[in-house]
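Novice: predicted model and sequence follow; I will ask about them next.
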Amino acid sequence: MLIYHCNEDVAIITETVNEEDVEFRLHLLQTEPYLERLKKIRHDFEENDIYTDVLFYIYKNHEYGAIVRRAYYVDFVLALMKHGLLRSVEWKDD
C-alpha cells in the first residue's frame, strides 16, 4: 500500500477509490510555480502512448481533477512527489 502526505502549504489533495480507477481532486493553494508543474504532469501523461492512464479536468478556483486507472496509481503519485506537490511517499505492507 502506498501512503503519501501532501505538502499542505502547496495543495490539498483528496482521492476517491472507485472500482476501476482513483479520482484525485487537487486544490492548489500556491499557483506559482505549482500550476506549471501540474501542467507538466498532465503533459507527460497525455503525451505517452496510453491514452486512458490518467484523464485530467479543470474546475474553477485553482481546483483540478484527475481520474487515474489503478494500474497507473503509483506512477501518478510519484509524479506528484517529483514535482513537489507531496511532502513524502512511502510503501507500507498490509
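Specialist: Received the coordinates, thanks.

Novice: which ones are touching residue 69?
Specialist: Residues in contact with residue 69 (CB atoms under 8 Å, 6 or more residues apart in numbering) are 20-21, 52-54. Heads up, the C-betas are built off the backbone N, CA and C, glycines and all.

Novice: among the residues you listed, which are located in strands?
Specialist: Taking DSSP state E, the ones among the contacts of residue 69 that sit in strands are 21, 54.

Novice: quick one: which of the contacts of residue 69 is the most crowded by neighbours?
Specialist: residue 54 (24 neighbours; other CB atoms under 10 Å).

Novice: okay, it: pLDDT?
Specialist: Note for residue 54: predicted pLDDT of 97.

Novice: can you tell me the SS state at residue 26?
Specialist: At residue 26 the chain is in strand, as set by DSSP: H, G, I helix; E, B strand; the rest coil.

Novice: against residue 93, how distant is it?
Specialist: 27 Å (CB to CB, to the nearest Å).

Novice: between the two, point out the one with more neighbours.
Specialist: Neighbours were counted for residue 26 and for residue 93 using other CB under 10 Å; residue 26 has more, 23 against 4.

Novice: from residue 94, how far out is that one?
Specialist: According to CB to CB, residue 26 and residue 94 sit 26 Å apart.

Novice: residue 4 now?
Specialist: Per CB to CB, residue 4 is found 16 Å from residue 94.

Novice: looking at those two, which is more packed in?
Specialist: Neighbour count, other CB under 10 Å: between residue 4 and residue 94, residue 4 has more, with 16 against 3.

Novice: please tell me I have it right and the more buried one contacts residue 89.
Specialist: Yes: the pair residue 4 / residue 89 is scored as a contact, 4.6 Å apart, by CB atoms under 8 Å.

Novice: what do the two both touch?
Specialist: Between them, residue 4 and residue 89 share these contacting residues under CB under 8 Å, 6+ apart: 77, 81.

Novice: skipping its backbone neighbours, what lies nearest residue 61 in space?
Specialist: With sequence-adjacent residues excluded and distances taken as CB to CB, 6 or more residues apart in numbering, residue 61 is closest to residue 27, at 7.7 Å.

Novice: in the sheet, who's paired with that neighbour?
Specialist: As for beta bridges, residue 27 partners with residue 12, residue 63 under DSSP bridges.
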